[in-house]
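>>> Build me a structure from this.
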Amino acid sequence: MAIGGGIIGGGGHHSVVAARVAAAAHVLFLTTAVLMLVWLLHFRGGINIQSDDPEQIFNVHPFVMCWGFILLIGEAILAYTTIPMDHRTQKMVHMLVHLVALILAIFGVYAAFKFHDAAVAPDLVSLHSWLGILAVALFGLQWLFGFFAFWLPGTHERTRAAAAPAHVAAGLAIFMLAVCAAETGLVQKSAAAASAGEAKLINVTGIFILLYAVAVAVAVALRKAFFY
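Below you'll find the model as predicted:
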């Protein structure tokens, strides 16, 4: 989901505040990533897509979708705030990080289907799975739209300027949809946790994912985006 082309501040104060919020988002990023790893490695026995244990196969799914989808999407969104380089470089980082996120999201979906196959469980029966598939599909379409509208040469400046607001809004909406999918998945795992300690860790991880998403959205809101 390519969000933003160039970003200009709504004043120096807003720009400074946005940078501070983005810095807080980076801290939340690291905290969430560590919490996810502790859960999967300590409580769920590890991550292995080639394992004979269906649970280790499944663990690839939350790992990839958290690290490689939600967190990378947020970092790509923040690229225009946190990368002190020219606009074209920011735009390239934004696009490439989102491409990596898309590839990893597809792999994460594959891991979920492989787990269901190994565990002889039905596919796409939960709200979590429906929201997740929708988020990945819309994310892919958003990335393609951003690539053709804002990256390829030949697109008229007026066309880019007209498409920018919808692109930013759609990008943030898809990002939040992905967060909702993650939260519903964590609710399922919390309810089925083997211990109270695991359930609490899952819940804390969910809270930090939500805080990260809010920080990303606030950082974007504090800046006025426009595309070149």
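>>> gap between residue 75 and residue 132?
For residue 75, the distance to residue 132 (CB to CB, to the nearest Å) stands at 20 Å. C-betas here are computed from N, CA, C, even on glycine.
>>> Between these two, which is the more surrounded one?
The residue with more neighbours, out of residue 75 and residue 132, is residue 132; 26 against 22, by other CB atoms under 10 Å.
>>> Verify the stated contact: that one with residue 62.
No. Using CB atoms under 8 Å, residue 132 is not in contact with residue 62, being 10.8 Å away.
>>> what touches both of the two?
Common neighbours of residue 132 and residue 62, using CB atoms under 8 Å, 6 or more residues apart in numbering, are residue 185.
>>> Run a quick neighbour tally on residue 204.
15.
>>> Burial check on the nearest residue to it once chain neighbours are set aside, number of neighbours?
Leaving aside its chain neighbours, residue 204 sits nearest to residue 35 (6.3 Å; criterion: CB to CB, 6 or more residues apart in numbering). Residue 35: 19 surrounding residues under other CB under 10 Å.
>>> Got the confidence number for residue 70?
Looking at residue 70, its pLDDT is 95.
>>> Quick check: residue 184 vs residue 134, distance?
Residue 184 is 12 Å from residue 134, by CB to CB.
>>> Does residue 49 touch residue 58 like I think?
No. Using CB under 8 Å as the test, residue 49 is too far from residue 58 to be in contact (9.8 Å).
>>> which neighbours do these two share?
By CB under 8 Å, 6+ apart, the residues touching both residue 49 and residue 58 are residue 111.
>>> of those two, who's got more company?
residue 58 (24 against 17).
>>> you'd agree that one is up against residue 111?
Yes. Contact status for residue 58 versus residue 111: in contact at 7.2 Å, counting by CB under 8 Å.
>>> Enumerate every residue touching the residue nearest the centre of the chain.
By CA atoms, centre = their mean, the chain has its centre lying nearest to residue 70, at 1.8 Å. Each residue near residue 70 by CB under 8 Å, 6+ apart is listed here: 175, 178, 179, 182, 209, 212, 213.
>>> As TSV, the residues you listed with distance to residue 105, secondary structure and neighbour count would be great.
Output for these, formatted as TSV (distance: CB to CB, whole Å; DSSP: H, G, I helix; E, B strand; the rest coil; neighbours: other CB atoms under 10 Å):
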residue	distance to residue 105	secondary structure	neighbour count
175	12	helix	25
178	8	helix	27
179	13	helix	23
182	11	helix	25
209	15	helix	25
212	17	helix	25
213	16	helix	26
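>>> Go through the residues you listed and say which is closest to residue 31.
Distance to residue 31 across the contacts of residue 70 (CB to CB) is lowest for residue 212, with 8.3 Å.
>>> What helices and strands are in contact with the regular element (helix or strand) spanning residue 135?
In the assignment (DSSP states H and E), residue 135 maps to helix 127-146. Judged by 3 or more CB pairs under 8 Å, 6 or more residues apart in numbering; DSSP states H and E, the packing partners of helix 127-146 are helix 87-119, helix 157-191.
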